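# Build the 3D model from these lines:
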Amino acid sequence: MDESVSTAMLVVMETLTPAERVALVLHDVFGFPFGRIAEVLGGTPAASRKLASRARARVAAVKERPRASKAETERLLKAFKAAADAGDLAELVELLHPEVVYVADGGGKVTAARKPVQGAEPIALLAVRQIEIRRPDAFQIIEVNGQPALATYRGGELVWLDTVEVADGRITTLRRLANPEKFAHIGHI
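Just a heads-up that it's a prediction; the model follows:
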């Protein structure tokens, strides 16, 4: 597939059932006929065609939004951090889109949500609890993949790195990288 597939699209792909993903990728990306896909999935060609069609419709329903400016992204990251530190659930919910998705990567090295979390209220509560548990003491805005990211530290050690997607002045996707092996190159403060 095109290397420029957005993170938003990857999040949408995660919401598909495994059978829908298999049917879509095998047919649309690799050109497998539905008869062969049916063999892989243990169903009929008609069922495989329906799975791919349903997956295609869900993927097509996602509209790529224009990327927010670096200044707006940075402003929202700082506001998110301040509200989480203050335990201000109402402010966090305001900063988050109602259908926001949170994806974490602890890599089995640190505790992190194993599945995407959806919704402003659950994510706001999660953000406050993580501050209470991990007790970070410093942060800085750094650039990751050409966009602002929030690096959060405890005792000079990086504990997690947040990147976001923004639309209409609210956070639509929050990605938290907490796997220390993946951000070892960033360093300490």
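
# How far off centre is the strand or helix carrying Phe80?
Taking DSSP states H and E as the criterion, Phe80 maps to helix 70-86. Offset of helix 70-86 from its chain centre (CA atoms, centre = their mean, to the nearest Å): 17 Å.

# Please point out which parts of that helix sit buried.
For helix 70-86, the neighbour count (16 or more other CB atoms under 10 Å) marks Thr73, Glu74, Arg75, Leu76, Leu77, Phe80, Lys81, Ala83, Ala84 as buried. In short, each C-beta sits where N, CA and C put it, glycine included.

# for the protein, what spans make up the strands?
Taking DSSP state E as the test, the strands found in the chain are 96-105, 117-118, 138-144, 147-154, 157-167, 170-177.

# Dump these into a markdown table; add distance to Val25 and mean pLDDT as well.
Below are the strands of the chain laid out as a markdown table (distance: least, CB to CB, whole Å; pLDDT from 0 to 100):
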| stretch | distance to Val25 | mean pLDDT |
| --- | --- | --- |
| strand 96-105 | 20 | 91 |
| strand 117-118 | 23 | 92 |
| strand 138-144 | 28 | 90 |
| strand 147-154 | 27 | 91 |
| strand 157-167 | 23 | 90 |
| strand 170-177 | 22 | 92 |
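
# CA-only coordinates of the helix holding Phe80, as PDB, when you get a sec.
Included here for helix 70-86 are C-alpha records, laid out as PDB according to Å, rounded to 0.1, in the frame of the first residue of the first chain:
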ATOM      1  CA  LYS A  70       2.100  23.400  14.300                       C
ATOM      2  CA  ALA A  71       1.100  26.400  16.500                       C
ATOM      3  CA  GLU A  72      -2.500  25.000  17.000                       C
ATOM      4  CA  THR A  73      -1.100  21.500  17.700                       C
ATOM      5  CA  GLU A  74       1.400  22.900  20.200                       C
ATOM      6  CA  ARG A  75      -1.300  25.000  21.900                       C
ATOM      7  CA  LEU A  76      -3.600  22.000  22.300                       C
ATOM      8  CA  LEU A  77      -0.700  19.800  23.600                       C
ATOM      9  CA  LYS A  78       0.100  22.400  26.300                       C
ATOM     10  CA  ALA A  79      -3.500  22.800  27.200                       C
ATOM     11  CA  PHE A  80      -4.000  19.100  27.400                       C
ATOM     12  CA  LYS A  81      -0.900  18.700  29.700                       C
ATOM     13  CA  ALA A  82      -2.100  21.600  31.900                       C
ATOM     14  CA  ALA A  83      -5.600  20.200  32.300                       C
ATOM     15  CA  ALA A  84      -4.300  16.600  33.000                       C
ATOM     16  CA  ASP A  85      -1.800  17.900  35.600                       C
ATOM     17  CA  ALA A  86      -4.600  19.900  37.300                       C
END
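
# other SSEs contacting that helix?
With contacts taken as 3 or more CB pairs under 8 Å, 6 or more residues apart in numbering; DSSP states H and E, helix 70-86 sits against helix 89-95, helix 120-134, strand 138-144, strand 147-154, strand 157-167, strand 170-177.
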